[in-house]
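Peer 1: Quick one: sequence and predicted model below, then my questions.
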Amino acid sequence: MAQPPILSLEGLGLQQGGRWLFGGPDTDPIDLHVLPGDRLALIGRNGAGKTTLLRLIDDRIEMDRGTRRVKPGTRIVFLEQEADFSGFDTLMDFALGGEHPPAEYEVEAIAGQLGIDMSTEAASASGGERRRAAIARALAQEPDLLLLDEPTNHLDLSAIDWLEDWLTRYKGAFITISHDRTFLKRLTRATLWLDRGTLRRKEVGFGGYEAWEEQVYAEEARAAEKLDAKLKIEAHWLERGVTARRKRNQGRLEKLYQMRATRAAMISDSGTAKLKLASDEDFKSKSVIVAENITKSFDDRTIIKPFSLRIHNGDRIGIVGANGAGKTTLLKMLTGELAPDSGTVTRAATLSGVMIDQQRRLLETNASVRDILAEGGDWIDVRGNRKHVQAYLKDFLFDPKIVDTKVGILSGGERSRLLLAREFARTANLLVLDEPTNDLDLETLDLLQEVIADFDGTVLIVSHDRDFLDRTVTLTLGLDGSGTVDVVAGGYEDWEAKRSRRVVGKSKPSSAPSPTPAPSPAPARSKPDKLSYKDQRDYEVLPARIEELETAIAKGEAILADPDLFQADPQRFATISKGLENARAEKDAAEERWLTIAEQVEG
């Protein structure tokens with residue numbers, strides 16, 4: 001028997017800035033029902049109202065129409081994208097604040113696993129420290145419904161792994177907004193799609209979302225052909241801006257794989273750049289940045305051990321590692337912002353760069369979009385070519401009608417996209433991107449992938465977004481925190497595979513410092529001691545089985561994304577649905593089993 005929802009929004013309508021964001025005269029009112037144990041991805045473009053919807057669910061703002069019902073005793077906790085730490089002396093003071101403060105020992109337990117000192121002064125805490133403190137505060141409240149707004153922002157890879165493990169074991173319901181495709185694919189089982197004031201729900205996780213989205217847009221385009229020309233043009237632009245872009249990016253991925261294969265031929269087994277082609281002089285002539293035996297230390301800590309690399313025109317370099325491992329230090333040495341302690345960095349005289357960092361410069365809120373892009377005019381120079389500002393706005397997924405809109409009215413994600421549009425118009429042969437995916441929606445990430453792939457120059461990217469790196473970079477520089485820099489042809493997954501092989505080869509855990517002692521079910525581990533035969537066998541084989549189940553679940557969700565499947569073949573729909581249910585249950589049990597054994601090994 002189906003359980004009743006723990007929260008319902010019925011007939012929701014909301015006005016913002018004089019217009020209907022939800023449930024206006026042109027769209028149906030929003031209905032939303034959250035069931036116990038729901039794992040929901042909330043998807044939508046920047047400005048669609050995703051964060052606003054979470055605030056309505058949390059009763060932080062009042063709706064103009066409709067009703068909100070919550071099952072008695074349900075505890076709802078909202079992890080905001082940017083929590084307000086003003087008025088709190090320490091991170092612990094913040095964590096124990098609020099209407100329903102958690103127990104201090106619960107906060108300390110979670111903070112310890114996240115590697116955060118809660119006695120740190122709130123005013124001086126970094127973005128990553130604040131984010132971990134906010135997570136500790138939210139999870140310690142033991143919510144029945146957890147609202148997560150970009151939970152992986154400012155987290156390093158080990159903290160993201162820990163959060164994914166926690167949410168895998170979490171028994172309550174959650175709704176998450178995230179640009180991190182890997183995070184969404186691993187955790188969600190149903191999707192809420194907020195699009196032009198309408199909320200759709202599909203009982204498939206994010207793995208099946210894109211196929212569903214493309215089908216909806218294709219149906220709209222076919223319907224528009226029967227209507228007037230204006231609607232037809234708008235539907236065609238919408239479809240082209242999403243589905244066609246993804247198809248083009250599939251072709252770009254094939255090119256990326258070829259570039260990785262070429263780069264792999266230039267790297268020795270030790271990880272240093274070493275030419276294995278016929279002409280060393282030809283390779284050197286293409287070099288734009290050459291680092292030779294560079295090192296860096298701060299106080300008594302070695303950040304970068306002797307490291308050499310040749311970067312040549314067209315390389316897409318990803319830099320990954322835990323917070324504090326030295327990613328930004330390495331980036332600054334390569335670009336000339338910071339001098340190495342020893343060794344040399346030589347840069348081509350013609351190198352000119354554009355830097356887009358995670359602390360993106362604020363745009364003047366009273367300026368118009370036209371002011372930002374075209375200095376108040378109608379035309380913008382895009383890497384040496386003139387383009388009408390409204391046409392350029394469409395390239396970056398904006399409605400051209402916003403050209404005279406004030407920046408202050410735009411959402412945070414829209415402002416980030418506008419800044420990207422301005423910076424990518426500049427003439428340069430080096431792009432330096434420090435956490436470029438923060439605050440961007442999934443469609444903008446597809447666009448950013450396209451811009452990077454088509455960029456006629458060299459790209460350096462620091463990012464914790466695993467899927468984005470796998471889609472964009474030809475070479476990964478992996479920092480483990482010991483000062484060693486791995487050079488791997490490929491993306492994040494290739495670096496992870498190399499780290500796993502190293503751990504197995506040494507039969508001991510990696511020396512990389514980790515703020516999260518809780519284990520992840522995926523990475524390979526050293527061979528455990530003092531286990532029963534069955535425990536040892538499960539410890540070794542379950543990670544591979546979990547990966548198989550994840551693949552099977554993603555395939556099943558993609559099939560169920562077909563909106564016509566139920567009507568066309570209800571028996572197949574039921575069979576696949578049952579198979580998905582069994583696969584999810586087996587995966588959950590396998591992860592619990594592996595984690596139990598892993599805790600014994602770690603102990």
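Peer 2: Looks like it arrived, so ask away. Quick caveat: nothing in here was measured; it's all calculated off a predicted structure. Residues are numbered from 1 along each chain as shown.
Peer 1: CA atoms for contacts and neighbours, from now on please.
Peer 2: Fine.
Peer 1: show me where pLDDT drops low in this structure?
Peer 2: The chain contains residues with pLDDT under 70 at 1-2, 221, 223-250, 267-285, 357-362, 502-530, 533, 562-564, 566-567, 599-603.
Peer 1: Point to the residue nearest the middle of it.
Peer 2: Centroid check for the chain by C-alpha atoms, centre = their mean gives residue 180 as the closest residue, at 2.2 Å.
Peer 1: Let's verify residue 174: helix, strand, or coil?
Peer 2: Under DSSP: H, G, I helix; E, B strand; the rest coil, the three-state class of residue 174 is strand.
Peer 1: Helix or strand for residue 13, just tell me which one.
Peer 2: Using DSSP states H and E, residue 13 falls within strand 7-16.
Peer 1: List the buried residues of that strand.
Peer 2: Of all the residues in strand 7-16, those buried under the rule 16 or more other C-alpha atoms under 10 Å are 7, 8, 9, 10, 11, 12, 13, 14.
Peer 1: Over to stretch 123-136?
Peer 2: Buried-residue list, stretch 123-136, by 16+ other C-alpha under 10 Å: 125, 128, 129, 130, 131, 132, 133, 134, 135, 136.
Peer 1: From the chain's centroid, how far away is that stretch?
Peer 2: Taking C-alpha atoms, centre = their mean, to the nearest Å, the mean C-alpha location of stretch 123-136 is offset from the chain mean by 18 Å.
Peer 1: May I have that stretch as PDB, with CA atoms only?
Peer 2: Taking Å, rounded to 0.1, in the frame of the first residue of the first chain, the C-alpha atoms of stretch 123-136 are listed here in PDB:
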ATOM      1  CA  ALA A 123      34.400  35.500   9.900                       C
ATOM      2  CA  SER A 124      37.800  34.100   8.700                       C
ATOM      3  CA  ALA A 125      36.600  30.700   7.600                       C
ATOM      4  CA  SER A 126      37.100  29.800   3.900                       C
ATOM      5  CA  GLY A 127      34.200  28.900   1.600                       C
ATOM      6  CA  GLY A 128      35.000  25.200   1.900                       C
ATOM      7  CA  GLU A 129      35.000  25.400   5.800                       C
ATOM      8  CA  ARG A 130      31.700  27.300   5.800                       C
ATOM      9  CA  ARG A 131      30.200  24.700   3.500                       C
ATOM     10  CA  ARG A 132      31.300  21.800   5.700                       C
ATOM     11  CA  ALA A 133      30.000  23.500   8.800                       C
ATOM     12  CA  ALA A 134      26.600  24.100   7.100                       C
ATOM     13  CA  ILE A 135      26.500  20.400   6.100                       C
ATOM     14  CA  ALA A 136      27.300  19.300   9.700                       C
END
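Peer 1: For that stretch, which outside residues touch it?
Peer 2: Contacts with stretch 123-136, where a contact means C-alpha atoms under 8 Å, 6 or more residues apart in numbering, come from 79, 83, 85-86, 89-92, 94-95, 107-108, 110-111, 114, 116, 118, 122, 153-156, 323.
Peer 1: Mind doing that once more with 6 Å?
Peer 2: 107, 110, 111, 154, 155 (C-alpha atoms under 6 Å, 6 or more residues apart in numbering).
Peer 1: now the strands for the stretch 151-300 of the chain?
Peer 2: Here the stretch 151-300 of the chain has its strands, by DSSP state E, counting those that start in this stretch, at 173-177, 190-195, 198-202, 287-298.
Peer 1: Tell me which of those strands sits nearest to residue 399.
Peer 2: Distance to residue 399, taken as C-alpha to C-alpha, is lowest for strand 190-195 among those, at 14.0 Å.
Peer 1: So which bits of that closest one are buried?
Peer 2: Under 16+ other C-alpha under 10 Å, the buried positions of strand 190-195 are 190, 191, 192, 193, 194, 195.
Peer 1: Pick out the most distant pair among the contacts of stretch 123-136.
Peer 2: Taking C-alpha to C-alpha as the measure, the contacts of stretch 123-136 span a maximum distance of 19.3 Å, between 107 and 154.
Peer 1: got the phi/psi numbers for residue 307?
Peer 2: In terms of degrees, to the nearest 10, the main-chain angles of residue 307 are phi -140, psi 130.
Peer 1: Go ahead and confirm it touches residue 291.
Peer 2: No: contact criterion C-alpha atoms under 6 Å: residue 307 and residue 291 do not qualify, at 7.3 Å.
Peer 1: Now the common contact residues for the two.
Peer 2: Common neighbours of residue 307 and residue 291 (C-alpha under 6 Å, 6+ apart) do not exist.
Peer 1: Pull out the buried residues from stretch 82-89.
Peer 2: With the criterion 16+ other C-alpha under 10 Å, stretch 82-89 contains buried residues 85, 88.
Peer 1: Export it to PDB, keeping only CA atoms.
Peer 2: Extracted in PDB, the C-alpha atoms of stretch 82-89 (Å, rounded to 0.1, in the frame of the first residue of the first chain):
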ATOM      1  CA  GLU A  82      25.100  30.400   0.700                       C
ATOM      2  CA  ALA A  83      24.400  30.200   4.400                       C
ATOM      3  CA  ASP A  84      24.400  33.400   6.500                       C
ATOM      4  CA  PHE A  85      27.200  33.300   9.100                       C
ATOM      5  CA  SER A  86      26.800  36.900  10.300                       C
ATOM      6  CA  GLY A  87      26.300  37.200  14.000                       C
ATOM      7  CA  PHE A  88      28.100  34.000  14.900                       C
ATOM      8  CA  ASP A  89      31.600  34.000  16.400                       C
END
